[in-house]
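S.K.: Using only what follows, build the 3D model:
(2 chains)
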Amino acid sequence: MELIWQGITQAILLLVSGDPEVMRIMLLSLQISGIATLLSLLIGIPIGTFLALSRFPGRGIAISLVNTGMGLPPVVVGLFVSIFLWRSGPLGFLELLYTPTAMILAQLVIAAPVVTGLTVAAIQQLNPRLRMQLMGLGASRLQVVCLLLKEARLPLLAALMAGFGAVISEIGASMMVGGNISRQTRVLTTATVLETSRGNFDMAIALSLLLMLLTFSVNVTLTWIQQRGRTR
Amino acid sequence: MSGPILRLESVKVAYDGIPVLDTPLLEVQEGETLAVIGPNGAGKSTLLRVLGLLEHPTEGRILFRERPVQPYGNLLAERRRMASVFQEPLLTSGTVEDNVALGLRLRHIDSTEVSRRVQESMATLGIGHLATRRTRTLSGGEAQRVSLARALVLDPEVFLLDEPFAALDPPTREGLLLDLKAILDKRQISTIFVTHDRNEALALGNQVAVMMDGRVVQMDVPERVFSEPVNEEVARFVGIETILRGHAQSVSQGLATVEVPGWALEVAVPLTPGERVLVCLRPEEITLFPRGAILTTSSARNQLYGKVIRHLPAGSTYRVTIDCGVLIVATVTRQSWEQLGLEDGAEVVAAFKATAPHVIHCI
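M.R.: Below is the predicted model:
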């Protein structure tokens, strides 16, 4: 119990003092996971919308694959992204391994299926006749898609939160493709593991509390936007 | 006279090879309201979607103002000359005003013009006071009024309605039906109105098309469809409950005698002796008397004796089923029922004039 209190005190001190190393780690975590989530939205929403609205042979299998992807173990993603980025791998020439870009890539692979799968669900929960009604009012295909996305904005925000939650908290992929290099690829999760292995439990607890605080802050903001939308 | 605004030629729709619509020819004339009636699953909504260019037919051709519609081309321009309203109001989130303005905004119409037309349309449908209300707070009737205002604000050349009153309670339905009729009469918009309610079809339609099993089996002015159905299925759908099978025996002075099981009926229809026919009688054409009453005031040439087997309340009347060897259904006001002292099991005379029956010639 004392250890937890020490951790909480340490976390407050680190935040209040604005410890440059901790701030750098927090910022990098937010940066990497934020970019990965944004990219996953750019990929996941169009693919999810397409899967939800179109009819083609194999669509069911495609949706099943996406849904399976929602539960991809980060360590498996880390392994495969590492293999691709190794010097001898297919993308080795890019020399991205152990860089924040590699971490963004790995997190993108984790978040994109989450966003895609939840987008499919968000669109499919709308009244299926709404699409025809919008067409019947003279909406073009693009206008129909935009209006449907607008109507599904609340569950889509949930998709955004789930995507961000999946990547900000993962460790396996970040560790494998980022390498936990100080001042370069060290993020809150990998730093917590490092401090734990060093026996600095108070620091580890402080970092994990900061991670939770960060996740909480982002989700509070998104939830506020979502719930504000509910009243409209 | 201008040509039809919409014309379907040999249009067929099939889902997974199963035919759901087969329309050799159907025309909707400029300014008319075509009411499409038929039982559930008859293909009415499919027909409406095809006419509204919301669904491609599997086969056939659609002509809009005599120009063929390219089935897989960009139909947006043609579709924007139409507007649809469905059974559910299908409003988007936001306010009533946002919804009524939706179609105009999709067409990138100037905001001043949008505002003017939206106010006008809301006033026409009596929903001006709801302008700033969130759509999810509306009642079913209010929401359907918004849906109608949202379509009518577009000033469509073709207005498509798919059972818009089906989910409303009777008083709300009646109010909305009257308002819509007044709007359609005033604006003369070419309208296709799908319903399974005969009374709605009668109230709104200048023409009525009856659909059965994916086909339009009869299309005519409402009075004729309801009084002269072309076959037994249509007769039953338009509310004729007494349909008696028989054959013509003799013809004299414009009156034919038709033999039905147990009775010889006189009908004022030219028939050939031996011809097989269906004698159709609407419940309101039949008058009931207690057995033994002296029918001095009745000019009914046909008087069938039977026994009341059941009576069901229907508004201010009873629908009475009489077993005369053949089953006959008549309508009696509650007042007459009591005055005549009728009850289940009572012996009665069912009388009707020779001009009352509609006769369908059997092939």
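
S.K.: For B:Gln29, see how far away the residue in the stretch 201-350 of chain B that chain A sits nearest to is.
M.R.: Proximity to chain A, evaluated over the stretch 201-350 of chain B using Cβ to the nearest Cβ, is greatest for B:Leu204 at 18.9 Å. C-beta: built from backbone N, CA, C; applies to glycine. B:Leu204 sits 15 Å away from B:Gln29, going by Cβ to Cβ, to the nearest Å.

S.K.: For those two, indicate the residue with more neighbours.
M.R.: Neighbours were counted for B:Leu204 and for B:Gln29 using other Cβ atoms under 10 Å in any protein chain shown; B:Leu204 has more, 22 against 17.

S.K.: Got the phi and psi for the residue of chain A found nearest chain B?
M.R.: Chain B sits closest to A:Gly136 of chain A, with a gap of 3.0 Å, by Cβ to the nearest Cβ. When read as degrees, to the nearest 10, the backbone of A:Gly136 gives phi -70, psi -20.

S.K.: what helix or strand is the nearest residue in space to B:Met219 that is not next to it in sequence on?
M.R.: Among residues not flanking B:Met219 along the chain, B:Ala209 sits closest, at 4.2 Å (Cβ to Cβ, 6 or more residues apart in numbering or on different chains). According to DSSP states H and E, B:Ala209 maps onto strand B:207-212.

S.K.: what about A:Met23, how many neighbours?
M.R.: For A:Met23, using other Cβ under 10 Å, the count is 14.

S.K.: For it, give its distance to A:Leu207.
M.R.: From A:Met23 to A:Leu207 the distance is 12 Å (Cβ to Cβ).

S.K.: can you check B:Val146 too?
M.R.: Distance from B:Val146 to A:Leu207, by Cβ to Cβ: 54 Å.

S.K.: out of the two, which sits in the busier spot?
M.R.: It is A:Leu207, of B:Val146 and A:Leu207, that has more neighbours when counted by other Cβ under 10 Å, with 29 against 26.

S.K.: circling back to that earlier point, pLDDT averaged over the strand holding B:Ala209 - what is it?
M.R.: The average pLDDT within strand B:207-212 is 96.

S.K.: Can you list the residue ranges for helices in the chain?
M.R.: Just so you know, I chose chain A. For chain A, helices defined by DSSP state H occupy the ranges A:2-17, A:20-53, A:59-69, A:74-85, A:100-124, A:128-136, A:141-151, A:153-168, A:172-178, A:188-197, A:201-230.

S.K.: nope, chain B please
M.R.: Using DSSP H, the helices of chain B run over B:44-51, B:76-79, B:96-106, B:111-124, B:140-152, B:170-187, B:198-204, B:222-227, B:232-237, B:334-339.

S.K.: Serialize those helices to CSV and add fields for distance to B:Arg7.
M.R.: Shown next, in CSV, are the helices of chain B (distance: least, Cβ to Cβ, whole Å):
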stretch, distance to B:Arg7
helix B:44-51, 10
helix B:76-79, 13
helix B:96-106, 25
helix B:111-124, 29
helix B:140-152, 22
helix B:170-187, 21
helix B:198-204, 21
helix B:222-227, 20
helix B:232-237, 23
helix B:334-339, 48
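
S.K.: now those helices as JSON lines including mean pLDDT?
M.R.: Output for the helices of chain B, formatted as JSON lines (pLDDT from 0 to 100):
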{"stretch": "helix B:44-51", "mean pLDDT": "96"}
{"stretch": "helix B:76-79", "mean pLDDT": "94"}
{"stretch": "helix B:96-106", "mean pLDDT": "97"}
{"stretch": "helix B:111-124", "mean pLDDT": "96"}
{"stretch": "helix B:140-152", "mean pLDDT": "95"}
{"stretch": "helix B:170-187", "mean pLDDT": "92"}
{"stretch": "helix B:198-204", "mean pLDDT": "91"}
{"stretch": "helix B:222-227", "mean pLDDT": "92"}
{"stretch": "helix B:232-237", "mean pLDDT": "93"}
{"stretch": "helix B:334-339", "mean pLDDT": "91"}
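
S.K.: Run a quick neighbour tally on residue 128.
M.R.: Just so you know, I chose chain A. Neighbourhood size, A:Pro128 [other Cβ under 10 Å]: 10.

S.K.: Actually, chain B is the one I wanted.
M.R.: 16.

S.K.: low-confidence ranges in chain A?
M.R.: Counting by pLDDT under 70, the ranges of chain A that qualify are A:230-232.

S.K.: make it 90
M.R.: Within chain A, the segments meeting pLDDT under 90 span A:1-19, A:21-22, A:199-206, A:209, A:222-232.
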